[in-house]
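Trainee: just to be clear, the model below is a prediction. Sequence and coordinates:
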Amino acid sequence: MFLRLVYESFRRQKRRKLLAGLAITLGVGAATAMIAVATDIGDKINRELRTYGANLVVTPQEDTLDLQIGGVDLKPPSDGTYLHEGDLPKIRGTFWHHNIVGFAPMLPVNVTVGRGGRDVTLLGTYFSKQLSFGKDDFLTGVRITHPWWRVQGAWPDDNSQDVLLGANLAAKLGNKPGDQIEIAGRPRRVSGTLSTGGAEDAQIVAPLSLAQQILGKPGAVRRLYVSAMTKPEDALARRDPKTMNPELFDRWYCSPYVQSIAFQLQEAIPHSHAEQIRQVAQNEGTVLARIKGLMLLVTLAALLASALAVSAAMATAIFERRQEVGLMKALGAGDLPVGALFFAEAALLALFGGVVGFAGGALLAQQIGRSIFGSRITVEPVLFPVILGIAVLVTFAGSALAIRRAVKFDPVYALRGEA
Amino acid sequence: MSSTSGLADRRAHVPHTSMFLRMLMRAAVLRRGRAASALLAMVVAAAVVTAMLNLYVDVQAKLHKEFRNYGANVVVIAKDGQTLPADALQQTNSVLAGRGMAVPFAYVIARTNNGQSVVVSGTDFEQVRKLDNWWSVTAWPRSERDALVGARAAAVVSPQSQPFDLSFQGQTIHLNAAGRLSTGAAEDSRVYISLGDFERWTGLQASTIEVAVSGSPDEVNSGVQRLAQALPTAEVRPVRQIMEGEARVLGKTRATLLAAAALIILTSALCVLSTLMGWVFDRRRDFAIMKALGASERLIGGFFAAEAAALGAVGAIFGFGAGIGVAVWIGRVNFHAPVEPRFNVLPIVLLGSVAVALVSAAIPMSVLRRVQPATILRGE
């Protein structure tokens, strides 16, 4: 009898059930999409923050001082020690290699350009170099670590002898992409001009092998810029690893703090010193925390709005059925069976709306991820039972007051239609 | 409604506006519970929408402020082989007119007592401290001849933080190592002294001004243009690394927030719709009685519309107040700065609320219009 009542109620009152079900579906959909976006936004914004470029720099341990003013390197070329290029792929073997978006080695060399003999800094680097570590093939270079660099013409191939001219230097020399230019006594092809808004605008940027060849030191790298996704700094991150006990050290080592990634880079590359670039590393933590906090609060607002929509729809649906309650009570039904009937209906609605809403919300989250961030937002499967539970709970909470009032209402008044 | 023409004639002589108002008032008072729940839905929906709109407008300014922590977004440097004009800093400051900050830097390569080369920079410590707040400094210099020594430079000039001498073109300066500086970038290899000391020692002036222009990308670009006009002998260039990163992150955040706001507004509108629809449906008996007593459909329609509009307007005004409160709270919790209340959001919220309320009244009305009053009154 109970089941038949529930079944008939769904069969005969399609309009009301549709409205309440729609409210639940939309509410759950909005909540699912917002939770999925809010949980993933940290990762997404972290990736966007990599637009600021490298947040770690690796230098030789026994390096002499840089003598750089306004991007002009005044250090004598033979000075200082170097990192070894062959060690670089080992970065892919570190614990947090998934968080390392890319790296770019730098080797500045002083050269003379053209017949006039102008002294210019030539910067050797990777543009988009194919490297492999074990079975793992990957691309890395300035096109990943320095995304604000703009090239007019074409990027040189990493295995060629072509160069990029800084935009200001190209204007001074009067060279265009495709020209030949004499660098360190040999003609090279200019594949494009480079504009960075920084020191490189007055330099020549060339494949690393060309710089090593000019310097006469194969395999030499002066500096290595690493761009890594990190976790905002907290009290643990700032502690000196030497003072930690083994357990704490493991926790520190296994968190993607910029400090622990620096520590691991030093382990991977012999005779190196890795340091965070504070301008980038320190600020991204604050920006990330602000945006995550904002999305969390907005998600709370979305949850509140959905909960309210669901409970308002349920309350309305039940309030409209006072006469039905009156009839049931007049026929001798107790408060309990009447309440149970309504709760069973609410639960069915919540489950149905919850499943459809969850699917719709997951789709919506994907759509948001694709259109805004150009990458997928994955909805954790764990979320499904949680969302469904919340949907049932909110539906019950929304119905409870209306059911109580409907049950308490005198059947005589209800049947006469006097509200 | 030909049977009611006599009634309408009579009614034309009686001012029924007061009756209309009285019915509205009585409807609100007699059905307090239902009216209150509909109003509550309206208030909460308007509050959430107001908070979202306020945040959406304000978040850009708030985040721009956070992004200024990345330091200078514009650099003014002397063109090749020239120095900046003596009044370059004043010119820059007058162009900025308080909407930003400018810090001068001067550089030379000096020699230590044992013949090593080191880059020495003169600057304004008070300003640098504000502009580059990622600098990790043990102690900022306070008095004359105090120097801030970069972490790597320290190993060369003053390993034990002892006082040291530097010479440039035969002039020697005696400096106290007041603090250590660590940034992970070129600054680590330099020694920083105050611009006054620098000028007295080398006779040279600032060659670079780092500028943080506040505001949106358009404001920064116009700032760059005005600076270039004010300082024709210098090169003014935006720092692309900083500008592009900011534009990208901010754009994505705003887009996400917009999507969230759209979702929330839709859900809130639905909440109001379902509550008000239920409310109007619930009153089909009033509708039937009025119709049976000879009220025209236009009058009944007007009555329900006025009720809905009044509910929408009152809900929107209370909701606006509550929503401003929520926005201010979020601003304080998340950005540690209050969100400015935007009163230009009020008309949008007000119009939106009234529109949604009218739509929610219109749907059940169009259903009820087709039903005979007798059917409703019999309770079928």
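Mentor: It's in. Residues are numbered from 1 along each chain as shown, chains lettered A, B, ... in the order given.
Trainee: residues near residue 131, how many?
Mentor: Since no chain was named, I'll use chain A. 17 (other Cβ atoms under 10 Å in any protein chain shown). C-beta coordinates here come from the backbone N, C-alpha and C atoms, glycine included.
Trainee: that was the other one, I meant chain B.
Mentor: Residues near B:Leu131, counting by other Cβ under 10 Å, number 22.
Trainee: swap in A:Ser227?
Mentor: By the measure other Cβ under 10 Å, the count of residues near A:Ser227 is 25.
Trainee: try B:Tyr56
Mentor: Neighbours of B:Tyr56 (other Cβ under 10 Å): 18.
Trainee: can you give me phi and psi for residue 142?
Mentor: Picked chain A for this. For A:Val142, the backbone dihedrals (degrees, to the nearest 10) come out as phi -70, psi -20.
Trainee: my question was about chain B
Mentor: The phi/psi pair for B:Arg142 (degrees, to the nearest 10) reads phi -120, psi -40.
Trainee: for it, what are its contacts?
Mentor: Counting by Cβ atoms under 8 Å, 6 or more residues apart in numbering or on different chains, B:Arg142 touches B:Ala178.
Trainee: can you map out the helices along the stretch 201-350 of chain B?
Mentor: B:217-230, B:240-282, B:284-292, B:297-330, B:346-369 (DSSP state H, counting those that start in this stretch).
Trainee: quick one: which helix or strand includes B:Val149?
Mentor: According to DSSP states H and E, B:Val149 maps onto strand B:146-150.
Trainee: I should have written A:Asn110 there, sorry.
Mentor: Taking DSSP H and E as the criterion, the element that holds A:Asn110 is strand A:100-113.
Trainee: same for that strand, what does it pack against?
Mentor: If contacts are counted by 3 or more Cβ pairs under 8 Å, 6 or more residues apart in numbering or on different chains; DSSP states H and E, strand A:100-113 sits against strand A:118-125, strand A:136-140, helix A:142-145, strand A:180-183, helix A:208-215, strand A:220-221, strand A:223-228.
Trainee: the top helix by length along chain A to strand A:223-228, inter-axis angle?
Mentor: Determined from DSSP state H, the single longest helix within chain A is helix A:278-319. For helix A:278-319 against strand A:223-228, the angle by axes from the mean of the first three to the mean of the last three Cα atoms, to 10 degrees is 10 degrees.
Trainee: name the helices or strands packed onto helix A:278-319?
Mentor: Right, helix A:278-319 is packed against helix A:14-49, helix A:335-368, helix A:383-408, helix B:32-67, helix B:240-282, helix B:297-330 by 3+ Cβ pairs under 8 Å, 6+ apart.
Trainee: name the residues of the last one that are buried.
Mentor: For helix B:297-330, a neighbour-count test (16 or more other Cβ atoms under 10 Å in any protein chain shown) marks B:299-301, B:303-316, B:318-320, B:322-324, B:326-328, B:330 as buried.
Trainee: average pLDDT for it?
Mentor: Averaged across helix B:297-330, pLDDT comes to 88.
Trainee: that helix near chain A at all?
Mentor: Yes. Helix B:297-330 reaches chain A (Cβ under 8 Å from any Cβ of the partner chain) through B:Val326, B:Ile330.
Trainee: just checking, what packs against that helix?
Mentor: helix A:278-319, helix B:17-30, helix B:32-67, helix B:240-282, helix B:284-292, helix B:346-369.
Trainee: switch to 6 Å and redo it
Mentor: Helices and strands touching helix B:297-330, by 3 or more Cβ pairs under 6 Å, 6 or more residues apart in numbering or on different chains; DSSP states H and E, are helix B:32-67, helix B:346-369.
Trainee: tell me the most buried of the ones you listed?
Mentor: With neighbours defined as mean count of other Cβ atoms under 10 Å in any protein chain shown, the helices and strands packed on helix B:297-330 peak in mean count at helix B:32-67, which reaches a mean of 21.
Trainee: tilt between it and helix B:217-230?
Mentor: Helix B:32-67 and helix B:217-230 are oriented at 30 degrees to each other (the same axes, to 10 degrees).
Trainee: taking the stretch 51-200 of chain A, what residue is nearest to chain B?
Mentor: Residue nearest to chain B within the stretch 51-200 of chain A (Cβ to the nearest Cβ): A:Gly197, separated by 3.3 Å.
Trainee: can you redo the helices and strands packed on strand A:100-113 as TSV with distance to A:Phe263 and mean pLDDT?
Mentor: Shown next, in TSV, are the helices and strands packed on strand A:100-113 (distance: least, Cβ to Cβ, whole Å; pLDDT from 0 to 100):
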stretch	distance to A:Phe263	mean pLDDT
strand A:118-125	25	88
strand A:136-140	21	89
helix A:142-145	20	93
strand A:180-183	39	88
helix A:208-215	26	92
strand A:220-221	20	92
strand A:223-228	12	93
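Trainee: could you dump these to TSV with distance to chain B?
Mentor: Below are the helices and strands packed on strand A:100-113 laid out as TSV (distance: least, Cβ to the nearest Cβ, whole Å):
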stretch	distance to chain B
strand A:118-125	11
strand A:136-140	19
helix A:142-145	11
strand A:180-183	19
helix A:208-215	19
strand A:220-221	18
strand A:223-228	11
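Trainee: kindly present the ones you listed as JSON lines, with separate columns for distance to A:Ile69.
Mentor: Listed next are these as JSON lines, based on distance: least, Cβ to Cβ, whole Å:
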{"stretch": "strand A:118-125", "distance to A:Ile69": "12"}
{"stretch": "strand A:136-140", "distance to A:Ile69": "29"}
{"stretch": "helix A:142-145", "distance to A:Ile69": "22"}
{"stretch": "strand A:180-183", "distance to A:Ile69": "23"}
{"stretch": "helix A:208-215", "distance to A:Ile69": "21"}
{"stretch": "strand A:220-221", "distance to A:Ile69": "22"}
{"stretch": "strand A:223-228", "distance to A:Ile69": "17"}
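Trainee: relative to A:Arg239, which of those is closest?
Mentor: Closest of the helices and strands packed on strand A:100-113 to A:Arg239 is strand A:223-228, at 19.6 Å (criterion: Cβ to Cβ).
Trainee: where does chain B have low pLDDT?
Mentor: B:1-17, B:19, B:27-34, B:80-81, B:379-380 (pLDDT under 70).
Trainee: just want the most central residue of it.
Mentor: B:Asp58 (2.0 Å; Cα atoms, centre = their mean).
Trainee: hang on, that residue packs against B:Val339?
Mentor: Yes. Using Cβ atoms under 6 Å, B:Asp58 makes contact with B:Val339 at a distance of 4.6 Å.
Trainee: who touches both of the two?
Mentor: The contact sets of B:Asp58 and B:Val339 do not overlap (Cβ atoms under 6 Å, 6 or more residues apart in numbering or on different chains).
Trainee: got the domain ranges for the chain?
Mentor: Let's take chain A. Chain A breaks down into these domains under automatic domain parsing: A:2-46+A:286-416, A:55-276.
Trainee: my question was about chain B, not that one.
Mentor: Domain ranges of chain B: B:2-65+B:249-377, B:73-238, per automatic domain parsing.
Trainee: reformat those domains as JSON lines; add distance to A:Arg118.
Mentor: Compiled in JSON lines, these are given as follows (distance: least, Cβ to Cβ, whole Å):
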{"stretch": "domain B:2-65+B:249-377", "distance to A:Arg118": "39"}
{"stretch": "domain B:73-238", "distance to A:Arg118": "11"}
